[in-house]
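> 3D, please:
(2 chains)
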Number of protein chains: 2
Amino acid sequence: LLADLICVGNELLTGLIENSNSGFLARRLWSTGIPVRESIVVADNLGSIKSALNRALEESDLVIVTGGLGPTDDDLTRESVASILNLPLLVSEYWMNKLNQIFLARGFAMPQNNLKQAHVIEGSVLLENKRGTAPGLLINHHEKIIVLLPGPPHEMQLIFDELVLPYIVKHNGSKLTKVKTLKCFGLGESALEEKIKKIGGADLPALSYVARGYEVNLQIKGSGDRYTADAYINQIEQKIREIIGDFIYGKDDDTLAGSVAELLVSHNLTLALAESCSGGLLSDLLTDIPGSSRYYKGGLVAYSRSAKQNLLGVDKEILERDGEVSESTAQAMAEQARLLLLADFGIGITGIAGPESDASQSPVGLVYIAVASPGGCACEQLTISGGRRVIKERAAQYALAMLRKALIETVREVQK
Amino acid sequence: LLADLICVGNELLTGLIENSNSGFLARRLWSTGIPVRESIVVADNLGSIKSALNRALEESDLVIVTGGLGPTDDDLTRESVASILNLPLLVSEYWMNKLNQIFLARGFAMPQNNLKQAHVIEGSVLLENKRGTAPGLLINHHEKIIVLLPGPPHEMQLIFDELVLPYIVKHNGSKLTKVKTLKCFGLGESALEEKIKKIGGADLPALSYVARGYEVNLQIKGSGDRYTADAYINQIEQKIREIIGDFIYGKDDDTLAGSVAELLVSHNLTLALAESCSGGLLSDLLTDIPGSSRYYKGGLVAYSRSAKQNLLGVDKEILERDGEVSESTAQAMAEQARLLLLADFGIGITGIAGPESDASQSPVGLVYIAVASPGGCACEQLTISGGRRVIKERAAQYALAMLRKALIETVREVQK
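Here you go, the predicted structure:
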């Protein structure tokens, strides 16, 4: 199976709206073992949509079209596909009733425009949209699968994951390549490869490594029908976990912040932060996760020296002797955060985010990260190259990885 | 002039790397009045690149290709374009020397692979890359302009802004449509339109309104040669500023955080934050701006009740009487942040980010934002609908807008 993606919308061609649909669909298809041949953005007009569709259907077995299913005159995806396939548009009684209900619940009658959204292509399967008025459509036509999905990402993603992906996987059952990603932190690409090599020769071609910042995504490919593919992937995964289990924080869409949040919640532990150069980013990442108030007590962004000394209570002597960017300051920050907010763990981050250094003339990118645990305080020194945002992001990710390590150690200590 | 965009790269088709180049180029071209016809992502192979190029050259006058200029065997953009145009590849002595210098500075000899990056298409203009080893190329061939740019966004963007855009603008000088965006905050789309209508009938067709969250982007189009277009835009802009000047915080790529930062720096004023439901996002936004340590003293993420009471020093009585999510708590947070961090201005944000409410049963999305100034404390109540991230983002943006207003008022007061 080979796929083509077509995103319809003028607002994508002016750059007014970021096109996140292509990336999402590409990642989903890729991890199911379906390569994307081409991905195109076209304008809201019949000619453009039809010519893109024609080309895609010539080359690919699966064509996914997003956007252009709205109620207005310039929403032309349904019409274009019907015309290319030479099939009529029919009214879906089911969806018309649904639309009436939706608008009734909103307190007014369905505008005449929206009737259009109950139009389905003859022979297509209606894909229910739980988050909007435009349903998706799936058409299996002369051995080609054509899927139409609404443009808004949160509508599109739910329909794709719940209805389209299972269909494709089933349809493609006998000739599948699946990919599972193990997300690793704390080992470089080559160190990781070195360790994994020991698993043995025959299995290695199924593995690939993608480095992103301090992270390495380790991808395992399995082929065959979906049972064989899954069984093969599980077998390799188990071998890998035996060797580098502690470095794997999650799989596929997991994030480091999410994995730390899970550990904190499941062991009923709490966290406090003291950030300087990361400027609140770590706090922002953690509070993006629903339920973070269960473990996150709060934090201080001690951006100035006076904030470090007076608000956070870092010893004046440490600041004078070692400077604001130093191991001892990072440790004092972590310990003070833990103390002031009565948390089980504290993190301290201090460094130079650039573009210029401070009075100490420390190099841009120098960062100290400390994690204070019930059992003591660990600190590491990093030198991060990149712009201001990159330095903030890497520092925050590294701090999460250090916290994860400390959490695992603490939990093990308790269980002994 | 009509443009086509081609992004080359397998990693874009697997979704491993987000394609930010299409959006960037689309926005830049659009604001210069050049519409993008189609934007496509193709794989790293000669056939795909060539067929995309052929189609683009048939339909558009300007074709921009990003990616595929690296040193490895699967970097095939130069070769594809040379083949389509039937032009030979020559070695640029200038860039070969440059490459040698770059690698010398890195402390090793140039790998043989990289020699490829000194290959230029006959008759093309080499576009110097200050941030990498792959130069861009610009070819003016049979009235079509073809531009090749490296894939990494920070390399691509600099070359495009410094070298490509001025060329296109000059080339397109006599038949230009320019767009300038004025960024407005604090007035809804229809209220804005109502006020601006008074400017008078003839000028209105040049205006369009795009609402994004609480912001409205007001776009002014000017046509003619570039002097006429600029003059026209300036004239309309001036009229608009006379009416709604205070609501306009910037233009084109400006951000609200950037405009606030500028005001703080230029008047030598300082800021402290106390965030609850926004979880550090506002602090993160401000510290993304280089030089933020000049005005940002620091902040507290008072995520738990104990943090609000013990760390920030919000009166226990207020918390008990009015609750954590209330006007009086937001005001106390802003005032305490200002006091504890000895800053001129303090911001307090408290609310329910969801997905569930707290013990108080306040609705998800209810947010109070307070700004404490030398002259007093203002507070506003918002009800934001959307997910957790949307609530955080809108609250942070709204707080910046309130701060901007307070800054302008304070400065005016002083100047009286």
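> contacts and neighbour counts: CA atoms only from here.
OK.
> how about the residues of the stretch 301-416 of chain A that lie near chain B?
Within the stretch 301-416 of chain A, the positions adjacent to chain B are A:301-304, A:306-307, A:311, A:340-341, A:354-355, A:388-389 by C-alpha under 8 Å from any C-alpha of the partner chain.
> try 7 Å
Those residues of the stretch 301-416 of chain A that sit near chain B, judged by C-alpha under 7 Å from any C-alpha of the partner chain, are A:301-304, A:307, A:311, A:340-341, A:355, A:388-389.
> And for the stretch 1-150 of chain A?
Checking the stretch 1-150 of chain A against chain B by C-alpha under 7 Å from any C-alpha, the hits are A:13-16, A:18, A:23-24, A:26-27, A:30, A:36-43.
> Sitting in helices, which of those residues do you find?
A:13, A:23-24, A:26-27, A:30 (DSSP state H).
> Could you point out which of these is nearest to A:R226?
A:W30 (14.7 Å; C-alpha to C-alpha).
> And that closest one, how far from B:P290?
38 Å (C-alpha to C-alpha, to the nearest Å).
> More neighbours: which of those two?
A:W30 (21 against 17; other C-alpha atoms under 10 Å in any protein chain shown).
> now that one, nearest residue through space, not along the chain?
Leaving out its chain neighbours, the residue that sits closest to A:W30 by C-alpha to C-alpha, 6 or more residues apart in numbering or on different chains is B:T14, at 5.6 Å.
> I'd assumed A:R28 was in contact with the one you found.
No: taking C-alpha atoms under 7 Å as the definition, B:T14 is not a contact partner of A:R28, at 8.6 Å.
> For the two, indicate the residue with more neighbours.
B:T14 (24 against 19).
> Phi first, then psi, for the more buried one.
phi -100, psi -10 (degrees, to the nearest 10).
> ok, now which ones touch it?
A:26-27, A:30, A:36 (C-alpha atoms under 7 Å, 6 or more residues apart in numbering or on different chains).
> Next: A:G365.
Contacts of A:G365 (C-alpha under 7 Å, 6+ apart): A:351-353, A:383-385, A:391.
> could you redo the last one with a cut-off of 8 Å?
A:351-354, A:382-386, A:391 (C-alpha atoms under 8 Å, 6 or more residues apart in numbering or on different chains).
> Tabulate the residues you listed (CSV), appending distance to B:P374.
Shown next, in CSV, are these (distance: C-alpha to C-alpha, whole Å):
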residue, distance to B:P374
A:G351, 32
A:I352, 31
A:A353, 30
A:G354, 31
A:L382, 40
A:T383, 40
A:I384, 39
A:S385, 40
A:G386, 38
A:I391, 34
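> From A:G346, how far off is A:A406?
11 Å.
> Over to A:G376?
11 Å.
> So for these two, which residue has more residues nearby?
For the pair A:G376 and A:G346, the greater number of neighbours falls to A:G346 (30 against 10), based on other C-alpha under 10 Å.
> Touching, the more buried one and A:E335? I think so.
Yes: applying C-alpha atoms under 8 Å as the test, A:G346 and A:E335 come out as touching, 6.0 Å apart.
> shared neighbours of these two, anything?
A:371-372.
> what's the helix or strand for the closest residue to A:I199 other than its chain neighbours?
Computed as C-alpha to C-alpha, 6+ apart, the closest residue to A:I199 that is not its neighbour in sequence is A:K239, at 7.0 Å. A:K239 belongs to helix A:226-244 when assigned by DSSP states H and E.
> from memory A:A337 sits against A:T270, does it?
No: here A:A337 lies out of contact with A:T270, judged by C-alpha under 8 Å, at a distance of 11.6 Å.
> and the residue nearest to A:I199, how many residues sit next to it?
14.
> which residues of the stretch 1-150 of chain A fall in helices?
Assigned by DSSP state H, counting those that start in this stretch, the helices in the stretch 1-150 of chain A fall at A:10-13, A:21-31, A:46-59, A:77-85, A:93-106.
> What distance do you get for the residue nearest to A:I199 to chain B?
25 Å (C-alpha to the nearest C-alpha, to the nearest Å).
> So A:L366 sits against A:R388, correct?
No: here A:L366 lies out of contact with A:R388, judged by C-alpha under 8 Å, at a distance of 11.7 Å.
> Spit out the residues that contact the two alike.
With C-alpha under 8 Å, 6+ apart as the test, A:L366 and A:R388 both reach A:A353.
> What number of neighbouring residues does the residue nearest to A:W95 when sequence neighbours are not counted come out with?
Of all residues not flanking A:W95 in the chain, A:A118 sits nearest, at 5.3 Å (C-alpha to C-alpha, 6+ apart). Residues near A:A118, counting by other C-alpha under 10 Å, number 22.
> can you tell me which residues contact A:A118?
A:A118 neighbours (C-alpha under 8 Å, 6+ apart): A:91-93, A:95-96, A:99, A:134-135.
> Quickly run through the sheet partners of the helix or strand encompassing A:T181, with directions.
Using DSSP H and E, the element containing A:T181 is strand A:176-185. Paired neighbours of strand A:176-185 in the sheet (DSSP bridges): strand A:215-224 (antiparallel), strand A:248-251 (antiparallel).
> Give me the angle between it and helix A:226-244.
20 degrees (axes from the mean of the first three to the mean of the last three C-alpha atoms, to 10 degrees).
> ok now whichever helix or strand comes after strand A:176-185, how far from the chain's centre?
Using DSSP H and E, the helix or strand that follows strand A:176-185 in sequence is helix A:189-196. Its chain's C-alpha centre and that of helix A:189-196 lie 24 Å apart, by C-alpha atoms, centre = their mean, to the nearest Å.
> Can you list the strands that the helix or strand following helix A:189-196 pairs with?
Sequence-wise, the next helix or strand downstream of helix A:189-196 (DSSP H and E) is strand A:207-212. Here strand A:207-212 has these sheet partners by DSSP bridges: strand A:215-224 (antiparallel).
> just the CA coordinates of the partner strand, formatted as PDB?
Extracted in PDB, the C-alpha atoms of strand A:215-224 (Å, rounded to 0.1, in the frame of the first residue of the first chain):
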ATOM      1  CA  GLU A 215      16.800  11.800  22.700                       C
ATOM      2  CA  VAL A 216      17.200   8.800  20.400                       C
ATOM      3  CA  ASN A 217      14.100   7.300  18.900                       C
ATOM      4  CA  LEU A 218      14.700   3.600  18.300                       C
ATOM      5  CA  GLN A 219      12.400   2.200  15.700                       C
ATOM      6  CA  ILE A 220      11.500  -1.500  15.300                       C
ATOM      7  CA  LYS A 221      10.000  -2.700  12.100                       C
ATOM      8  CA  GLY A 222       7.900  -5.800  11.900                       C
ATOM      9  CA  SER A 223       6.500  -7.300   8.700                       C
ATOM     10  CA  GLY A 224       3.900  -9.900   7.800                       C
END
